[in-house]
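# sequence and predicted structure below; questions after.
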Amino acid sequence: MSPHDRAIAAREALAENVSAFITAIADGLTNGEVTHAIMVNVDEYVSEVRAELIEAKKQASHPPAQATTTDAGWRPIATAPKDGTKILVWTYHDAIEMSEWYTLSHDEYTLRADGLYEKRVVESEGGWNSNTPLFWTPLPAPPALASVAAALTEQNGEKGGG
């Protein structure tokens, strides 16, 4: 079972325990021993969920050593360009997506001594606009113009000739 699946299972178990606790309160079964036993159980599940999520996050951000070998031109995501260049990424969820790095920014205004405001753009760390990428490869070159023209002619012929 993957760390992600274990985290989901732990979350479901936690939800069941919280539900049992709420039911016990509603039913008036909250004598000291029952309340303590349920709370200990809930605390244990919260700890398990937290540990599973931390492990899943670690594995997502640090793939196993054997997974860092690159096949067919795939490279570790840490080596990808962070300048807005569009690339293909292979994600933690076994999907290939087109992605690019984005940077967050916002404007800050400071009141100057002369009563005017000075604008300053503040940039902060961004991220990938895809779901947990692990590897990347450059986009392939676009098709030659002659190939595009031939494909369009063929496509138009199929539409018009049918």
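Looks like it arrived, so ask away.
# mind jotting down where the helices sit in this protein?
3-26, 32-61, 145-161 (DSSP state H).
# shaky segments in the chain?
In the predicted model of the chain, residues 1-7, 10, 14, 18, 21-22, 24-42, 45-46, 49, 57-71, 159-162 satisfy pLDDT under 70.
# quick check: domain ranges of it?
3-61, 66-138 (automatic domain parsing).
# name whatever forms a beta bridge with residue 136.
Residues in a beta bridge with residue 136, per DSSP bridges, are residue 75, residue 89.
# measure it to residue 88 for me?
Relative to residue 88, residue 136 is positioned 7 Å away (C-beta to C-beta, to the nearest Å). Using the backbone N, CA and C atoms, a C-beta is placed for each residue, glycine as well.
# overlap in contacts of the two?
residue 99 (C-beta atoms under 8 Å, 6 or more residues apart in numbering).
# tell me which of those two has more neighbours.
residue 136 (23 against 18; other C-beta atoms under 10 Å).
# surely residue 134 is in contact with residue 92?
Yes. Assessed by C-beta atoms under 8 Å, residue 134 is found in contact with residue 92 at 5.8 Å.
# and those two? which has more neighbours close in?
Higher neighbour count among residue 134 and residue 92: residue 134, with 21 against 16, using other C-beta under 10 Å.
# what separates that one from residue 47, distance-wise?
28 Å.
# again, but for residue 145
In terms of C-beta to C-beta, residue 145 sits 61 Å off from residue 47.
# looking at those two, which one has more neighbours?
It is residue 47, of residue 145 and residue 47, that has more neighbours when counted by other C-beta under 10 Å, with 12 against 8.
# show me what contacts the more buried one?
With C-beta under 8 Å, 6+ apart, residue 47 has no contacts at all.
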